[in-house]
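J.: Please work out how this folds:
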Amino acid sequence: MAPETDPEQDPRWDAVRAAARRRVPTPPGLVERVLRAVARGRRTALDVPGEAGHLRVTEQVVVRLAGTIAAARAPAGVRISAVAAEEDVVQVLVSVRFGIAADQAAETLRREITAELSRQLGVATAVNVHVVDVHPG
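T.: Below is the predicted model of the structure:
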């Protein structure tokens, strides 16, 4: 078995450090959308059709369910940072371990969450997974 090395000693980690030092601008309109959401309380509900009628599931419940699914289905080396709903889309923020193919891990998790939400709620729910950080291990 090869000795375990500290990933922060890997010379490729310098690129991650350099990226972390760069200021990331706030996306246009983000502050306004957050303030509008807070002001109106974001009590949006999802209508789930059933045999005996419709069930209304609040946005908060969908977010909690998506977070539980994300935590259970996250591939090795992927940490869930946050889960929220915005504009009827579940947004999942993750951190990936250095050396993992971030785009593949995010897509795998997105498919898993989407499929399980659809199975449990009976309706399709849009899910986005964003890699927002890299961690050493």
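J.: Give me the phi and psi angles of A102.
T.: Main-chain dihedrals, A102, degrees, to the nearest 10: phi -60, psi -40.
J.: cool, and S81?
T.: When read as degrees, to the nearest 10, the backbone of S81 gives phi -90, psi -40.
J.: Equivalent analysis for V134, please.
T.: phi -120, psi 130.
J.: Looking at the residue most central in space within the chain now. What's its pLDDT?
T.: The residue lying closest to the centre of the chain (Cα atoms, centre = their mean) is V92, at 1.3 Å. Here, the pLDDT recorded for V92 equals 93.
J.: pull the helix or strand with minimum mean pLDDT from the protein.
T.: Lowest on mean pLDDT, DSSP states H and E among the helices and strands of the chain sits helix 30-40, with a mean of 66.
J.: And V61, how close does it get to R33?
T.: Remark: distance between V61 and R33 (Cβ to Cβ, to the nearest Å) = 21 Å. All C-beta spots, glycine's among them, are computed from the backbone N, C-alpha and C.
J.: That should have said V132, apologies.
T.: Counting by Cβ to Cβ, the gap from V132 to R33 is 17 Å.
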